[in-house]
Every structure is written in structure tokens, then in C-alpha cells.
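Colleague: Okay, predicted coordinates and the sequence, questions at the end:
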Amino acid sequence: MVSVHHNAMIVTGLLLASLAASEPQSEGIPFGKPTRERYFQFQPGFLNFNHGGFGATPRLVRQAQSGFVDQQEAQPTAWFASGGYQKILSEVRPRLAEMMNANSSDVVFLDDASSGLNAVLRSLPWQPQDVMLLTSAAYAVLPNTGKWLQKRYGIQIVQAEVHFPAKSAEAILEPVERALLKLPQPCKLRLAVFDHVSSYPPAILPVARLARIVKARCAETLVLLDGAHALGQVPIDMKQLAEAGVDAYVTDGHKWLMAPKGSGALWASRSIQDILEPAIISSDNAPTTKFQDRFDYIGTRDYTSWCAMGAALDFREMLGAAGGNMCFKQVLKAGHLVTTLNLVGVANHFVSNLAEST
Ligand SMILES: *[C@@H]1O[C@H](CO)[C@@H](O)[C@H](O)[C@H]1NC(C)=O
């Protein structure tokens, strides 16, 4: 799976590079090669085809972050203990929340999606024989943390096998529904986790419908979404997802938002905020400490990557909708071109999953 995915990305990336060269400018920003050279720090001649893995931070965002490091070092106590970085976070948080169509009081910052998945998974009051449901498309953090929970608490892991290319949402929903029907009643399913956009292969999952079928079967089950690849790539509508039954959502900042490494966000429903602990319980985190305060201070460390998420939002605004639209059209074109190269399964995966999202 992994190598198939990478091959597809490499071929597509090469095609994108040649297509972009012929793309007209839009809104004064020269897309394609000039954008890459002007706004990114890649080594000359290097074409980055694996954006999904680690992202790439634009120069402007790195400069903003470096300005925050300067502030931190100019007055460390003011930065950490007198509301320095917290003030900047209070400006970034509503913008981030708006992008997720969420109330900013329900959003906290993370180092990455992995730390958010760990925070949720390891905060739940697991009992022996409790069940955690995931799909075969889940990112490795989930089965790995699940196995740790299994060893520690004696939980059971149920994996619904989903197959790609998925020709319709039903192809994803049906195996999950079958797995749910097999669970004994009364329901011991404590948690169901789904990727919003899977990593290998990349596909958009019908997450609102998945949340609904879980809640219809087991009303008390919590639904967690792994949106590591979503922020900046597909719309995130927390109001709609919460209505469908989603209880928690984690996402990365360093991938498609192009924020620095070490940035991400967690949205949690009010009903579970009190039980969630960050991966690190800090010196400022007592049992009465509020949800956002618990997550906002996790020790003396570099918070500038969270602060610079605002600059990443500025960068997106600067490129405008035309930037995203151009990328989307190019990817579709490239996907269809790949099919003409007859790279069999690789291309079919790619195009059918894209077609699903149009
Ligand atoms: C967000 O939540 C706060 C705290 O509960 C509430 O006072 C506020 O009205 C909410 N804002 C919106 C736009 O719903």
C-alpha cells in the first residue's frame, strides 16, 4: 500500500510540475515554479512530491515564527508566565475555529494529530472488554495506541476492512455497519475512530454518515475523527459533524495548512472536555484547571509553531481561492493523465478517489 501511494504521488507530482509551468498567473501571484521558488525554501531543483507526509512551511510563515522566537528570548518570563504567547494564541484560535466552523471555546492547540489522538485515546475510562472500532485504513498511530490500551486495560479492537478504490460511500459504510452488527448487545463499544482523509491510499471518507451509523447502533459510543490530512485540504464543518455524532476531531497544522511542524488542533464536544487530558500533564494542570488551560501550557517548550498558525492562515488568504482551485484542477488533470500512462492500479486508486470528492 505504502509504495503504491508513493509511486502515485511521484508520477502525479512530475505531471503537476510540467502542467504548472503552463498555468497563467492569477491575482498577481505567479503559481507553479515562481511560487515555489519565491515562497518556499526547497533546495534548487528539488521537487517535493510528498507534501502529505511532512508538509512544507512557506518562508513567510517561518519568518513569522522566527519573530515569535525573538519575542520569547527578549523576555522569557513575559512570554511564558505573563500571557505572552497566550495572547497570540487568543488571536489565532478564533481564526482556526472559523476555518473548522467551530466555536473557538471548543478548540485547543496540539503539536500534531498524533498527540491529539493519544490525548483522546488515553484519557478515556477504559474497562476490560470495552471495544474500540477502527478501519483498515486507519493511520498506524491508532492500531499502535489501541494495542497499548489492549495490553494495559484488556480492551478489544475490532477492525472493519475497507477496500480501495471505493466506488461509492457505501463501499466504506457497509463493512463498518457489518462490524457494528456483529458486536454483542448491550453495547461495549466505547470508541469508534475514522480518518476524515485517509493516508494510504488518500481518500475522503463519508465521516458524517459513519458517525450516524455508530450512534444509531450504540448511542453512548464516542466518535473520534482523525483529520490529520483535512485542515487546509477539505472543508471541516464541526457544526455538521457534531450534529452527526462526532465527539472529537484532531488535525495537523503542518501538512495542508502549511503551518510549522509542531502545530495542530483538537476540537472536542463540551460533554467530553472535562475528561480529556493532553499527552503531558504540566505544572499548571490541576484537577480543576479548565480544558483550554490544560492544553495551552504543557511545560517550557517552543509554542511558536502554534502562534505561527496565524501566519499560515494569512498565507492562504494571500494566495486566495484561485490557488486552491488551480491545485485541485491540476490534480484532476494529472490524475487523468496518469491513467493514460497505464500505470494500472496506481492511477485507478487516485482518480476514483478524487472523483468521489468532486
Ligand atoms: C461559543 O461558546 C461560548 C461559551 O459557551 C458561548 O458563550 C458563545 O455564545 C458561543 N458562540 C457561538 C457563536 O455559538
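Modeller: Yes, it's here.
Colleague: per-residue confidence averaged over the helix ranked longest in the chain?
Modeller: Longest helix of the chain, by residue count under DSSP state H: helix 309-340. Per-residue pLDDT values across helix 309-340 average out to 84.
Colleague: Excluding chain neighbours, give the residue nearest to Gln75 in space.
Modeller: Gly84 (7.2 Å; C-beta to C-beta, 6 or more residues apart in numbering). C-beta here means a position set from N, CA and C on the backbone, and glycine is covered the same way.
Colleague: typo on my end, Leu60
Modeller: Phe315 (5.6 Å).
Colleague: wait, doesn't the one you found sit right on Pro58?
Modeller: Yes - between Phe315 and Pro58 there is a contact under C-beta atoms under 8 Å: 5.2 Å.
Colleague: In contact with Ser263, which residues?
Modeller: With contacts defined as C-beta atoms under 8 Å, 6 or more residues apart in numbering, the neighbours of Ser263 are 109-112, 252-254, 257, 305-306, 308-309, 312.
Colleague: domain ranges for the chain?
Modeller: 2-57+320-357, 88-299 (automatic domain parsing).
Colleague: Just give me the residue right at the centre of the protein.
Modeller: In the chain, the centroid-proximal residue (C-alpha atoms, centre = their mean) is Ala228; its distance is 1.7 Å.
Colleague: Just the pLDDT for the closest residue to that one other than its chain neighbours.
Modeller: Once flanking residues are discounted, Ala228 sits nearest to Ala113: 3.8 Å by C-beta to C-beta, 6+ apart. The model reports Ala113 with a pLDDT of 97.
Colleague: Could you do Gly84 as well?
Modeller: pLDDT at Gly84 comes out at 97.
Colleague: again with the one 4 residues further on
Modeller: In the predicted model, Ile88 carries a pLDDT score of 98.
Colleague: which helices and strands does the helix or strand harbouring it pack with?
Modeller: Assigned by DSSP states H and E, Ile88 falls within helix 84-99. Contact here means 3 or more C-beta pairs under 8 Å, 6 or more residues apart in numbering; DSSP states H and E; on that basis helix 84-99 packs against helix 59-74, strand 107-110, helix 304-307, helix 309-340.
Colleague: Hey, what's the angle from that helix to helix 59-74? Just curious.
Modeller: Angle, helix 84-99 to helix 59-74, by axes from the mean of the first three to the mean of the last three C-alpha atoms, to 10 degrees: 150 degrees.
Colleague: Let me know the angle separating helix 84-99 from helix 309-340.
Modeller: Orientation note: helix 84-99 sits at an angle of 40 degrees relative to helix 309-340 (the same axes, to 10 degrees).
Colleague: so where do the strands sit in the stretch 201-350 of the chain?
Modeller: Secondary structure of the stretch 201-350 of the chain (DSSP state E, counting those that start in this stretch): strands located at 222-227, 248-252, 264-268.
Colleague: I'd guessed Gln292 sits against Asn103; true?
Modeller: No - using C-beta under 8 Å, Gln292 makes no contact with Asn103, being 11.6 Å away.
Colleague: Looking at those two, which is more packed in?
Modeller: Using other C-beta atoms under 10 Å, the more surrounded residue of Gln292 and Asn103 is Gln292, with 19 against 15.
Colleague: worst-scoring helix or strand of this protein, pLDDT-wise?
Modeller: Lowest on mean pLDDT, DSSP states H and E among the helices and strands of the chain sits helix 2-21, with a mean of 38.
Colleague: tell me what the helix or strand that comes right after that helix is packed against?
Modeller: Sequence-wise, the next helix or strand downstream of helix 2-21 (DSSP H and E) is helix 33-39. If contacts are counted by 3+ C-beta pairs under 8 Å, 6+ apart, helix 33-39 sits against helix 2-21, helix 59-74.
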